[in-house]
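A.B. asks: Below is the sequence, then the predicted model.
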Amino acid sequence: MTIADTATPPTAAAGKTSGGGGLGRYILVRFLLIIPTVFILVTLVFFLMRVVGDPISASVGGRLTPDQLNARLAEAGYDRPVLVQYFEYIGQIFTGDFGRTLTDNREISEILVTYGTGTLELVLYSLVVALVVGIPLGRFAAYRRDQIPDALLRIFAILCYATPVFFAALLLKLVFSVWLGWFPLGGRASTSTQLVLDRISGSTGINIIDALRTGRWDLISDVLAHAVLPAVALGLLTAGVFLRLVRTNLIGTLSMDYVDAARSRGVREGRLLRKHAYKPALIPIITVMGMQIALMLGGAILTETAFGWRGLGFQLAQYLGARDFVAVQGIVALLAVIVALTNFAVDVLAALIDPRVRY
Amino acid sequence: MSVPTDANSTVPEPVEGSVAEADPLVTGEARQREPRWKRLPVIWQLRRSTGLQRGMLIAGMVLCAVFLIAAVFAPLIAPYGFNQLSDAGGNFPRQGAPSAQFWWGTTVGGYDVFSRVVWGAQTAVLTVVLAVALSIFLGIALGLVSGYLGGWLDRILVTIADAIYAFPSLLLAIVVSIMISGGESGFISGILAAAISITVVFVPQYFRVVRAETVRLKAEPFVESARVLGASTPRILSRHVLRNATRSLPLIITLNASEAILTLAGLGFLGFGINPTAASEWGYDLNRAISDVAGGIWWTGVFPGAAIVLLVLGITLVGESLNDLSDPRLRIRRRPKRVPRRTATAMKGAA
């Protein structure tokens, strides 16, 4: 956790070393850095997955005779040297073709379109939870620093980190679905609601937007009720990080000279905290958010599995269970691209807000 | 740890044991300093801590000790084996509620929950120790070489480490675990697979820290003078750079140990951990428990989950305290001099 507090994103640091120039140059250099990142990850994943052997033997090997297996291997091109396969794979990825799944023969990019919206929705909800919980509590902890509320909040933040999302999911389900009966046990929406939403013309796949477009309260409330527990489970993980970050930064800005100057002019402590020190303390959150997105995607896999939330992570777990390693490789490669792009977006955002980042 | 030695800490302490026990080469110095065991990482900080910080450190150490004891003495503590389904009295009930015979109930598969939680401590501790040891070894070796030699090797290693660092660690661990075991494995191979998966994720972190320190130390006069004296590169690295570049590691180790437990549990939850008949693993048990919840069966999930939380909490508390104590701005002084209250709070505020 302290690592998350102190470390700067490696990519931003690499951007800094590349020397002067304005915002445009920074964005360009930062954009070009995406290419080696994605390339390295895709290469790493490819060779790691190929060390064990070919994916066809892994998934259906036991059920075929050696002759049938060889025929399948030749058909899919897995009998060629690994390096040839590698260069072909890299070529495909550059054209946006991530391959097809073995078990149900679907395009990997199609899976992204179908299930990616679910993950996007979940991550956005949890980000809202994390911000709504983390920032005010962090402010409160800074306000009462070294007092009992501060100590309690510190333990709360450690607990947020120490609880695996799937255990948080289990507890939330137990208390709020089974014992209290307030929220549904899992899924993105009730079956009837999902049927209605899927039939809307021009369905976005993002349930809440579709539900809002119908304007029917029963649909909207159903979608929201399903989202609460998964969002809290995943959001609390990040809320702890935000809490600590806001607290540390706020205490840091409170000791700056300009705050001292305001204090000496007779501005009250409470107003200093709210008006003078608060906004500068929020900037690092944007930087850290980039690193949090990687963490959240990992957490999303577990949350989606725990809640039966049909997103990319849920689907990935299904393919893992079916030993469909082509699908796994494809989804992981795709996620690498997404992570690299979001990190880029976050870094650009940080540079737009805080000129010191650009160098 | 990088605790700056101030005047208070060098006050001579009564030396424990005979002088003969002390290292003959450093006896002259050792008489002035405290005995070696008192200068070991965690003990050193414990003796310097006070108040809330001491409470946190002790609470964390107690939690860790409980799990260590459970791990070492699992065969004695656990009433049943982790894959035992019956005893002289017949088959165990399935999803049986906590009772005198099964303190924490039984799982859907008919295992005793208490026994599996205790045995799970053994799996967790073994995996974490192995993972941390492997990543420290690899991370330090790569960091030292890369930082000291520099050049194209350095550039390549840094780029790779950065790429891995930015990627969701759980995904990477999944891929590596597929590579090693094809997804299923027995006790030793399962623990090895999990440990190596975690290692791949952590090596970049150690690498970054050690490399940065090495680059800084390379320019220090004492390294330069060693080079002038004709010391070989391996000798400079092992004798002069290594000991100085690894001072901040105890903190990272505790942070990583807690992350390793979470990664192991995450792998187990997704069904990529250790085969349930080969060892007990908390994440796998939680996976099976999550469907029990719908029927109001709480004991199969709450206990292994609480075990994860408490162990991670214990390790994190130790790590946090070490961090605070190593930072003079955060450390609460043992016997502070009388200072005006306002100044004292301002000093803490600087943290």
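C.D. replies: Perfect, thanks for sending it.
A.B. asks: Now do the phi/psi pair for B:Thr106.
C.D. replies: phi -120, psi 160 (degrees, to the nearest 10).
A.B. asks: and if you look at B:Asn287?
C.D. replies: Residue torsions, per degrees, to the nearest 10, at B:Asn287 are phi -60, psi -50.
A.B. asks: Am I right that it is in contact with B:Leu267?
C.D. replies: No - under the criterion of C-beta atoms under 8 Å, B:Asn287 makes no contact with B:Leu267, lying 10.4 Å away. No exception for glycine: its C-beta is placed from N, CA and C like everyone else's.
A.B. asks: okay, these two: which has more neighbours?
C.D. replies: The residue with the greater number of neighbours, taking B:Asn287 and B:Leu267 and applying other C-beta atoms under 10 Å in any protein chain shown, is B:Leu267; the counts read 27 against 24.
A.B. asks: And the helix or strand containing that one, what's buried?
C.D. replies: B:Leu267 is part of helix B:249-269, with elements assigned from DSSP states H and E. Along helix B:249-269, the positions that meet the burial threshold by neighbour count (16 or more other C-beta atoms under 10 Å in any protein chain shown) are B:249-269.
A.B. asks: Report whether it contacts chain A.
C.D. replies: Yes - using C-beta under 8 Å from any C-beta of the partner chain, a contact is recorded between helix B:249-269 and chain A, made by B:251-252, B:255, B:258, B:262, B:265-266, B:269.
A.B. asks: and those as CSV, adding distance to A:Gly290 and pLDDT?
C.D. replies: Supplementary listing: those in CSV, determined by distance: C-beta to C-beta, whole Å; pLDDT from 0 to 100:
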residue, distance to A:Gly290, pLDDT
B:Leu251, 23, 72
B:Ile252, 21, 76
B:Leu255, 20, 76
B:Ser258, 22, 84
B:Leu262, 21, 86
B:Ala265, 25, 86
B:Gly266, 21, 86
B:Phe269, 26, 85
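A.B. asks: What parts of the stretch 51-200 of chain A come near chain B?
C.D. replies: Looking at chain B, the residues of the stretch 51-200 of chain A close enough under C-beta under 8 Å from any C-beta are A:51-52, A:58, A:145-146, A:151, A:158-159, A:161-164, A:166-167, A:169-171, A:173-174, A:177-179, A:185.
A.B. asks: Neighbours of residue 164, how many?
C.D. replies: Using chain A. As a measure of burial, A:Pro164 has 28 neighbours, counting by other C-beta under 10 Å.
A.B. asks: think we crossed wires, I meant chain B
C.D. replies: Going by other C-beta under 10 Å, the residues that sit close to B:Ile164 add up to 22.
A.B. asks: Would you indicate which residues of the helix or strand containing it are buried?
C.D. replies: B:Ile164 is part of helix B:151-165 when elements are defined by DSSP H and E. Residues of helix B:151-165 classed as buried under the neighbour-count rule (16+ other C-beta under 10 Å) are B:154, B:157-165.
A.B. asks: And stretch A:91-102, by the same measure?
C.D. replies: Here stretch A:91-102 shows A:93, A:98-102 as buried, counting by 16+ other C-beta under 10 Å.
A.B. asks: and the longest helix for chain A?
C.D. replies: For chain A, the longest helix by residue count, based on DSSP state H, is helix A:217-254.
A.B. asks: Include pLDDT and distance to chain A when you put the buried residues of helix B:151-165 into JSON lines, please.
C.D. replies: Formatted as JSON lines, the buried residues of helix B:151-165 follow (pLDDT from 0 to 100; distance: C-beta to the nearest C-beta, whole Å):
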{"residue": "B:Asp154", "pLDDT": "83", "distance to chain A": "13"}
{"residue": "B:Leu157", "pLDDT": "83", "distance to chain A": "11"}
{"residue": "B:Val158", "pLDDT": "83", "distance to chain A": "8"}
{"residue": "B:Thr159", "pLDDT": "80", "distance to chain A": "6"}
{"residue": "B:Ile160", "pLDDT": "82", "distance to chain A": "6"}
{"residue": "B:Ala161", "pLDDT": "82", "distance to chain A": "8"}
{"residue": "B:Asp162", "pLDDT": "78", "distance to chain A": "4"}
{"residue": "B:Ala163", "pLDDT": "78", "distance to chain A": "4"}
{"residue": "B:Ile164", "pLDDT": "79", "distance to chain A": "7"}
{"residue": "B:Tyr165", "pLDDT": "75", "distance to chain A": "6"}
